[in-house]
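Novice: Prediction below, plus the sequence it came from.
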Protein chains: 2
Amino acid sequence: MALPRIAVDAMGGDVGVRVMVEGAALARRQHDQFKFLLVGDETAIKQALEAHPNLRSASEILHAPSVVAGDEKPTQALRRARTTSMGLAIDAVKSGAAGAAVSAGNTGALMAMSKVALRTMPGIDRPALAALVPTLGDHDLVMLDLGANTECDARNLVQFAIMGAAYARIVHGQSEPRVRLLNIGTEEIKGTDELRDAAAMLKQAGEALAFRFDGFTEADKLSRGDVDVVVTDGFTGNIALKAMEGAARFVADLLRRSFSSSLRSKFGFLISKPATELLKHHLDPNNHNGAVFLGLNGVVVKSHGSASALGVAHAVAVTARLLSERLTERIAADLAEVGQDAMRSAATLVRPAPETPGGPA
Amino acid sequence: MALPRIAVDAMGGDVGVRVMVEGAALARRQHDQFKFLLVGDETAIKQALEAHPNLRSASEILHAPSVVAGDEKPTQALRRARTTSMGLAIDAVKSGAAGAAVSAGNTGALMAMSKVALRTMPGIDRPALAALVPTLGDHDLVMLDLGANTECDARNLVQFAIMGAAYARIVHGQSEPRVRLLNIGTEEIKGTDELRDAAAMLKQAGEALAFRFDGFTEADKLSRGDVDVVVTDGFTGNIALKAMEGAARFVADLLRRSFSSSLRSKFGFLISKPATELLKHHLDPNNHNGAVFLGLNGVVVKSHGSASALGVAHAVAVTARLLSERLTERIAADLAEVGQDAMRSAATLVRPAPETPGGPA
C-alpha cells in the first residue's frame, strides 16, 4: 500500500522554512516512498527547495499567505486559520489531500485548529499531546498530556490512559503496556481529587482494559524503564518533561566543566570520547522529536519549535510510522472494544462525570 | 551568643535511629558548639549513642513512646502527636526547650503538626517547604513549595515569594534576589488563573517588594543560575524537583553504562575519575539535604527520608545556620515592613482573596 503524503507546515517554529524543508529532504533521503505537501509561502518554499532536488520531485507546494505567530492566542489564530500555513496543512488532512500533518508552530494553536478541523474521536472529550521520553529500559516511555490541556478531570485522564496505551502498543509492539498516573506519592491518599478518581476508575475497569494499570508513580521514577505509559494533565506533564530536559542538560554541562577542570581529565575525556558521544546521541532531543496529538480523527504531529533539520526528519519519520501503522483506526478500535465499556461502567461506579468548559466539542 | 539546641526526631524516616544519631554526631564533630535534644525511644537512642561519645556529652534524650508511620494520614498522626517522636520534637520548639526541630519523617504529618503547634506567622496563611537546588550559577536556587500544599491560590503564591526571597537573602546574602513563578511558558497568558493572578499581584506590588519579580520561568531553565527563587504550588514543585532528581540520576547511569561499553572508555573513565567524582559530589542529594518549613513561628527542617548520615549532618548544619541567622525574626521583619503592605494593596487591586479550606489556622 502506498503511504499517503504528509502535509508539512513549512513556516512554523523558530527555525524557519529552510530547516523545515531540509528536515523533510533528510527524511525523504532515508525513505524514498515519502511524498509531501509543503504548505507556506510559495516563493520561500521554492527557494528552499533549490538545494534539495530529491525533495522537489516528491513534493507539491500549497501556498499560504500567512503564518501563526509563536505568541498568538489560539482563539485568535483560529479565526484566520484558512490563511495560515498551519491551518491549511490541517485542512489538507481533513479533505484527504494529505494523510497527516507536521508542524513546528505554536502548540496551543495547533491543538485548537486540529480539534476544530478534525474533531475528536467518538468517546474522547479532548485530544492529548504524547511524546516519547528516553529511559534505561528497552524502549522509550510514552508520556501524555504534554501541554494540550492545562487542567484535566478524572474522565480526561482515563481517556488519556486508553489512548497512551494504544500508542505504546503501536510504537513498541507491546501487547499489554504498563500504565501509571503521575503523582506526588504512590499511596492511594496522595494528590488531587482528579488523580484519585481516575485511579479508582482505572482500577475498577481492571480486566476490561487492554493494558495493565499499576497505580501512581513519582516523577523521579520515569526513566527507570519499568513503566510504559505515564499519564498526567498538560500542565504537570509540561513541567515534568521540561524539568527532565533541563536537568539532563545541567548534568551534561557540569560534566563538560569537570572534564575541562584539569589536563588529566581532559586527556581522559578524549580517550572516552566514543562513550560521551553515545551519551550525547541518546540525550539529544532531536532524536526523540515528534509529539503526537492523540484522540483526533487524523494524525497531527508537533515538531519542537527549535528542532534541527535532523529533528524535523525524525518527526516526519514518526508521522510516517503512525500512518503506516494506522494509529487513528487502531485507537478507535481500542476505544470501541474496550475503553468505552470500561469507562462507562467505571464512571458510573465512581461519580457522575462533571460538565467541563473544555468538554466535548 | 550560644546557639539554642536542636531537637532531632531520632526515629523518623526510612533509615532509622542509627543513621539519625550518626548524622547528628557528624554535624557535632564539625561544629562543637552544637547541642541536641534527641527525641525517640530512649533505649534505642542510648544504644545508638554508644558509638558516639562526642554526641552523648552534648545531648539530652527525650523519650517518645511511638513513631509516626511513613504512610500515616496527617490527621491521624495529629491526634496522637504528643506520644510521637516527631510531635515531641516540635513541642520542644514551642516550649523553648529547643530552638529548632529536624525530622526525616512523614512530610505531611510534619507539616500538620508544625502548623498546629507553632502556628503560622502573622500575614501567612500557609507554611511552605523550601529546598536548595544545585545550579550552574554561583549559588543554589531556593525552590518552594515542595509538597506542603497540594493546591495553592494566588495569595499563597505571593506569600511564598516573599518568604522565599527572605530565605535567599539569609542563605546567599543577596540584597535583591531574583524571583520567578514556575509556569508552562513565559507569556502572560500562560498557565492557571492562580499563576496569572499571582504574577499580576507581584507586578503591582513592584517597588515595595524587597526582591525583583521577573515574571514566569519554565522548568527547563531552573539550573541556569539566573533565577534565585522559584515559586510554585506544592504539587508542581514536588513533580519538578523529583523529575530533575530522576533525570540527573538517569544521565549518571547512562554515563556509567557508556564508560563501561569498551575497554578504551573504561580506561578513559579511570583517568578522568577526579572529574566524575566532582560531578558525583555536586549531584549527591545528601549534599543538598535539609528542606525548611517557612512561615512558622519556629524553625522546622525536613531531612530526606532516605538521606545518609552525611545528609542528616547537612540538614543539621542548615538548621543551625537558620538559627544563628535568625530566620524567623527576619521573615517576620520582611513581612511587617514590606510584604504585608505590598500584598494588601496588590490584593485589593486584583481580586478579593477567596476563602480557602486550608486558609488561616
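Specialist: Arrived safely, thanks for sending. Numbers count the residues shown, from 1 in each chain, chains lettered A, B, ... in the order given.
Novice: next one: phi and psi at the residue nearest to the spatial centre of chain A?
Specialist: Chain A has A:A291 as the residue nearest its centroid, 1.8 Å off, counting by C-alpha atoms, centre = their mean. Phi and psi for A:A291, reported as degrees, to the nearest 10, are phi -90, psi 140.
Novice: Can you name the residues that contact the residue nearest to it when sequence neighbours are not counted?
Specialist: Spatial nearest neighbour of A:A291, chain neighbours left out: A:A131 (4.1 Å); criterion: C-beta to C-beta, 6 or more residues apart in numbering or on different chains. Yep, even glycine has a C-beta here, placed from its N, CA and C like the rest. By C-beta atoms under 8 Å, 6 or more residues apart in numbering or on different chains, the contact set of A:A131 is A:V142, A:M143, A:L144, A:L146, A:L241, A:H288, A:G290, A:A291, A:V292.
Novice: Please state the offset of stretch A:87-103 from the chain centre?
Specialist: 17 Å (C-alpha atoms, centre = their mean, to the nearest Å).
Novice: Could you do stretch A:149-156 as well?
Specialist: How far stretch A:149-156 lies from its chain's middle: 17 Å, per C-alpha atoms, centre = their mean.
Novice: buried ones in that stretch?
Specialist: Buried positions in stretch A:149-156, judged by neighbour count with 16 or more other C-beta atoms under 10 Å in any protein chain shown: A:N149, A:T150, A:C152, A:D153, A:A154, A:R155, A:N156.
Novice: Keep only those of these that are also close to chain B.
Specialist: A:T150 (C-beta under 8 Å from any C-beta of the partner chain).
Novice: before we move on, the earlier item: closest to chain B out of the contacts of A:A131?
Specialist: Distance ranking of those against chain B, using C-beta to the nearest C-beta, places A:L241 first at 7.8 Å.
Novice: measure A:A165 to chain B for me?
Specialist: If you measure A:A165 against chain B using C-beta to the nearest C-beta, to the nearest Å, the figure is 22 Å.
Novice: mean confidence score for the helix or strand that residue falls within?
Specialist: Using DSSP states H and E, A:A165 maps to helix A:154-172. The average pLDDT for helix A:154-172 rounds to 90.
Novice: pLDDT score for A:T276?
Specialist: pLDDT at A:T276 comes out at 62.
Novice: before we move on, the earlier item: report the lowest-confidence entry in the contacts of A:A131.
Specialist: A:H288 (77).
Novice: what's near enough to touch that residue?
Specialist: By C-beta under 8 Å, 6+ apart, A:H288 lies in contact with A:A131, A:L132, A:V133, A:P134, A:D140, A:H314.
Novice: same deal with A:A117?
Specialist: A:A81, A:G87, A:I90, A:D91, A:V93, A:K94.
Novice: Endpoints of stretch A:303-317, how far apart?
Specialist: Length of stretch A:303-317, first residue to last, C-alpha to C-alpha, to the nearest Å: 11 Å.
Novice: sorry, back to before: can you lay out the contacts of A:H288 as JSON lines showing secondary structure and pLDDT?
Specialist: Output for the contacts of A:H288, formatted as JSON lines (DSSP: H, G, I helix; E, B strand; the rest coil; pLDDT from 0 to 100):
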{"residue": "A:A131", "secondary structure": "strand", "pLDDT": "91"}
{"residue": "A:L132", "secondary structure": "strand", "pLDDT": "89"}
{"residue": "A:V133", "secondary structure": "strand", "pLDDT": "89"}
{"residue": "A:P134", "secondary structure": "coil", "pLDDT": "86"}
{"residue": "A:D140", "secondary structure": "coil", "pLDDT": "88"}
{"residue": "A:H314", "secondary structure": "helix", "pLDDT": "93"}
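Novice: picking up where we left off before, farthest-separated two in the contacts of A:A117?
Specialist: A:A81 and A:V93 (12.9 Å; C-beta to C-beta).
Novice: Chain B contacts on the stretch 101-250 of chain A?
Specialist: A:134-136, A:147, A:150-151, A:182, A:184, A:187, A:189, A:191-192, A:218-223, A:234-236, A:238-250.
Novice: one more time with 7 Å
Specialist: A:136, A:147, A:150, A:182, A:184, A:187, A:189, A:191-192, A:218-223, A:235-236, A:238-240, A:242-248, A:250 (C-beta under 7 Å from any C-beta of the partner chain).
Novice: Just the ones of the residues you listed in helices?
Specialist: A:235-236, A:238-240, A:242-248, A:250 (DSSP state H).
Novice: which among those gets closest to A:G23?
Specialist: A:E245 (20.1 Å).
Novice: for the record, mean pLDDT for stretch A:256-273?
Specialist: pLDDT averaged over stretch A:256-273 gives 64.
Novice: before we move on, the earlier item: which of A:A81 and A:V93 has more neighbours?
Specialist: A:V93 (24 against 18; other C-beta atoms under 10 Å in any protein chain shown).
Novice: isn't the more buried one right up against A:V8?
Specialist: No - applying C-beta atoms under 7 Å as the test, A:V93 and A:V8 come out as separate, 11.7 Å apart.
Novice: bridging residues for the residue nearest to A:A291?
Specialist: A:M143 (DSSP bridges).
Novice: How much space separates it from B:T319?
Specialist: Distance of A:A131 to B:T319, given as C-beta to C-beta, to the nearest Å: 41 Å.
Novice: follow-up on the earlier one: which of the residues of the stretch 101-250 of chain A next to chain B are buried?
Specialist: A:147, A:150, A:182, A:184, A:191-192, A:218-223, A:235-236, A:238-240, A:242-248, A:250.
Novice: which residues in the stretch 51-200 of chain A form strands?
Specialist: Assigned by DSSP state E, counting those that start in this stretch, the strands in the stretch 51-200 of chain A fall at A:59-63, A:100-103, A:128-133, A:141-144, A:178-182.
Novice: nearest to B:G164, of the ones you listed?
Specialist: That would be, of the strands of the stretch 51-200 of chain A and by C-beta to C-beta, strand A:178-182, which comes in at 24.8 Å.
Novice: Please name every helix or strand in contact with that closest one.
Specialist: For strand A:178-182, the elements it packs on are helix A:154-172, helix A:193-205, strand A:212-217, strand A:229-231, judged by 3 or more C-beta pairs under 7 Å, 6 or more residues apart in numbering or on different chains; DSSP states H and E.
Novice: With A:T75 as the reference, name the closest of these.
Specialist: Closest approach to A:T75 among the helices and strands packed on strand A:178-182 is made by helix A:154-172 (20.5 Å; C-beta to C-beta).
Novice: What angle do strand A:128-133 and the closest one make with each other?
Specialist: 40 degrees (axes from the mean of the first three to the mean of the last three C-alpha atoms, to 10 degrees).
Novice: State which one residue of the stretch 1-150 of chain A is found closest to chain B.
Specialist: A:D71 (5.4 Å).
Novice: Same check on the stretch 51-200 of chain A?
Specialist: A:I184 (4.3 Å).
Novice: so who does the closest residue in space to that residue that isn't next to it in sequence touch?
Specialist: Ranked by C-beta to C-beta, 6+ apart and with sequence neighbours excluded, the top spatial neighbour of A:I184 is B:N238, at 4.3 Å. Counting by C-beta atoms under 7 Å, 6 or more residues apart in numbering or on different chains, B:N238 makes contact with A:I184, B:L146, B:G147.
Novice: A:L209: neighbour count?
Specialist: Other residues close to A:L209 by other C-beta under 10 Å number 23.
Novice: who's the residue lying closest to A:D9 once chain neighbours are set aside bridged to?
Specialist: Closest residue to A:D9 apart from its sequence neighbours, by C-beta to C-beta, 6+ apart: A:S103 at 3.6 Å. Per DSSP bridges, the residues bridged to A:S103 are A:K302.
Novice: List the contacts of A:S103.
Specialist: Residues near A:S103 by C-beta under 7 Å, 6+ apart: A:D9, A:G12, A:M86, A:A89, A:L110, A:K302, A:S303.
Novice: So the fifth one is in contact with A:K302, correct?
Specialist: Looking back up the chat, that one is A:L110. Yes - applying C-beta under 7 Å as the test, A:L110 and A:K302 come out as touching, 6.0 Å apart.
Novice: With neighbour numbers in mind, choose between the two.
Specialist: A:K302 (31 against 28).
Novice: Tell me, what's the model's pLDDT at that one?
Specialist: Taking A:K302 on its own, its pLDDT is 94.
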